[in-house]
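> Have a look; sequence and predicted model below, questions after that.
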Amino acid sequence: MSARTGPSSKHARDVISKRVKGIPPSGIRKFFDILSTMEGAISLGVGEPDFATPWHISEAGIYSLEKGYTMYTSNRGLLELRQEVARYLNRRYGLEYDPETEILITVGVSEGLDLAMRAILNPKDEVISPDPSYVSYGPCTVLAGGEFIPVPTKVENDFKVMAADVEKRVTARTKAILLGYPNNPTGTVMLRSELAKVAEVARKHDVIVVSDEIYERLVYGVEHTCFASLPGMKENTILLGGFSKAYAMTGWRVGYAAATAEIIDAMNKVHQYTMLCAPRIAQVAAIEALKAGEAAVKEMVADYDRRRRVMLKGFNDIGLACFEPRGALYCFPSVKVTGLSSDEFAERLLKEEKVAVVPGSAFGECGEGYVRCCYATALSDIEEALRRMGRFVERHGV
């Protein structure tokens, strides 16, 4: 019998999970292998703050290393950090969480989302979420055995999800509504009155809400509404937050989840078997961030706002129509004037002008015709990128 025939070859073909096979690679990273080989290229792609972690926060982590604090923490995370998270949520939003039973420290919001999905979903449960949405929302739902149900949004509404559109998609199998505001990739911020209508749908149909609020501090001229602070929603919301964006701590990999004790217990059960705990040094740094990081946050947000306004005006000036994003780190201009698809636009822009952007189609069907551009980069690079993109649009505009 040939080595390529018989049961062994069938086993080789079937070794990868069908769920994993069905998930596409992240569209965010597609062009960055090419970018890394280009001299003089400008990246408006990865949504990562270009600030270094404020020194006093890094110093807290370094001090923990010097003292030999390199061992595991409890699965739930350092109690002192959970207490600081509880104080923070109470101070900003008037929410009261028990730090011992209702808060879990996670390895970033990414892990928090994965834990939430695996803790609440049964096979074929449905999760409703706006389109466009962050690239991991669908895959995390599928990997947990659920079905992802996108809700189309429109630029005419600044890509805000309409409660009526959410309700149309609620079925007997709907388990959760997954929201991410301020939004990645669009920069959209939902007002309190708008979110309250979504909350009404959740209460009416007894559906839990998973609210990814990693960008909650990055808002410009508007106020962020914490979903759990809406009337009757604390007990029905899994609130996900973290330190990566506001405190420039992406590589530290530390976040948190806040929910009922029952839900946190379930999330912790998955967490303890897969991740065990977030890194101790990152947790120590996060404590310092919550205790003394406010001034640095305000300084960074003011700088982002200046860059946001430059990028927004620049896109509209060169003919790439862009609504005003009021949160996060992104502009989401239309590239339809070029007649190119989002993917074609991003690929040709990178090759012809050495500017990297992310195709809007990476974030869902409603992102087609748009590209995500991150303004967490030097103002001089933003201005140069706009000049290059202007030349590109002049060549390809119709």
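Arrived safely, thanks for sending. Numbers count the residues shown, from 1 in each chain.

> Tell me the spacing between Thr237 and Ile208.
Distance, Thr237 to Ile208, using C-beta to C-beta, to the nearest Å: 7 Å. Placement of C-beta: from N, CA and C, glycine included.

> Out of those two, name the residue with the larger neighbour count.
A direct count of neighbours by other C-beta atoms under 10 Å for Thr237 and Ile208 places Thr237 higher, at 26 against 21.

> Please, where are all the helices along this protein?
Counting by DSSP state H, the chain has helices at residues 7-13, 18-21, 32-35, 55-66, 79-93, 108-120, 137-143, 163-168, 192-204, 261-274, 280-292, 294-317, 342-353, 379-396.

> and Ala202, how many neighbours does it have?
Residues within reach of Ala202, counting by other C-beta under 10 Å, total 26.

> same deal with the one 4 residues further on?
By the other C-beta under 10 Å criterion, the neighbourhood of Asp206 contains 9 residues.

> ok, now how distant is it from Ala259?
In terms of C-beta to C-beta, Asp206 sits 16 Å off from Ala259.

> Just put the helices of the chain in TSV and tack on distance to Leu44.
Output for these, formatted as TSV (distance: least, C-beta to C-beta, whole Å):
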stretch	distance to Leu44
helix 7-13	40
helix 18-21	30
helix 32-35	11
helix 55-66	26
helix 79-93	30
helix 108-120	22
helix 137-143	22
helix 163-168	30
helix 192-204	28
helix 261-274	34
helix 280-292	27
helix 294-317	8
helix 342-353	10
helix 379-396	6
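
> highest average neighbour count across the ones you listed?
Of all the helices of the chain, helix 108-120 carries the top mean neighbour count, a mean of 25, counting by mean count of other C-beta atoms under 10 Å.

> Arg203: what's its closest spatial neighbour, skipping adjacent residues?
In space, Arg203 comes closest to Gly232 once its chain neighbours are excluded; the distance is 5.9 Å by C-beta to C-beta, 6 or more residues apart in numbering.

> and this structure, what are its domains?
8-52+296-396, 59-293 (automatic domain parsing).

> Kindly reformat those as JSON lines containing mean pLDDT.
Formatted as JSON lines, the domains of the chain follow (pLDDT from 0 to 100):
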{"stretch": "domain 8-52+296-396", "mean pLDDT": "90"}
{"stretch": "domain 59-293", "mean pLDDT": "97"}
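
> Contacts only, for Gly108.
Residues near Gly108 by C-beta atoms under 8 Å, 6 or more residues apart in numbering: 242, 244, 253-255.

> from these, which two are the most distant?
For the contacts of Gly108, the farthest-apart pair by C-beta to C-beta is Gly242 and Arg253; their separation is 9.0 Å.

> So between those two, which is more surrounded?
Just comparing Gly242 and Arg253: by other C-beta under 10 Å the higher neighbour count belongs to Gly242, 29 against 19.

> didn't that one look like it was pressed against Glu111?
No: counting by C-beta atoms under 8 Å, Gly242 does not reach Glu111; the two are 9.7 Å apart.

> Name the residues contacting each of those two.
In contact with both Gly242 and Glu111: Gly255, using C-beta under 8 Å, 6+ apart.

> Hmm, Ser342 is touching Ser334, no?
No: counting by C-beta under 8 Å, Ser342 sits too far from Ser334 to count as a contact (9.7 Å).

> what touches both of those two?
369-370.

> Give me the distance from stretch 307-323 to the chain's centre.
Centroid separation for stretch 307-323 versus its chain: 23 Å, with C-alpha atoms, centre = their mean, to the nearest Å.

> what does stretch 72-81 give?
For stretch 72-81, the distance to the chain centre is 24 Å (C-alpha atoms, centre = their mean).

> Now do the end-to-end distance for it.
One end of stretch 72-81 sits 14 Å from the other (C-alpha to C-alpha, to the nearest Å).

> and what of stretch 66-76?
One end of stretch 66-76 to the other measures 24 Å (C-alpha to C-alpha).

> circling back: quick one: the residue nearest to Arg203 and Ala199 touch, right?
Yes: using C-beta under 8 Å, Gly232 is in contact with Ala199, at 7.3 Å.

> shared neighbours of these two, anything?
By C-beta under 8 Å, 6+ apart, no residue touches both Gly232 and Ala199.

> Find me whatever residue is spatially closest to Val142, sequence neighbours aside.
Val142 sits nearest to Arg19 (C-beta to C-beta, 6+ apart), 5.8 Å away.

> ok, the one you found touching Ala144?
No: using C-beta under 8 Å, Arg19 is not in contact with Ala144; the gap is 9.4 Å.

> if we can go back for a sec, can you tell me which of the contacts of Gly108 lies nearest to Glu324?
Closest approach between the contacts of Gly108 and Glu324, by C-beta to C-beta: Ser244, at 24.1 Å.

> How much space separates the closest residue to that closest one other than its chain neighbours from Asp165?
Computed as C-beta to C-beta, 6+ apart, the closest residue to Ser244 that is not its neighbour in sequence is Thr250, at 4.3 Å. According to C-beta to C-beta, Thr250 and Asp165 sit 32 Å apart.
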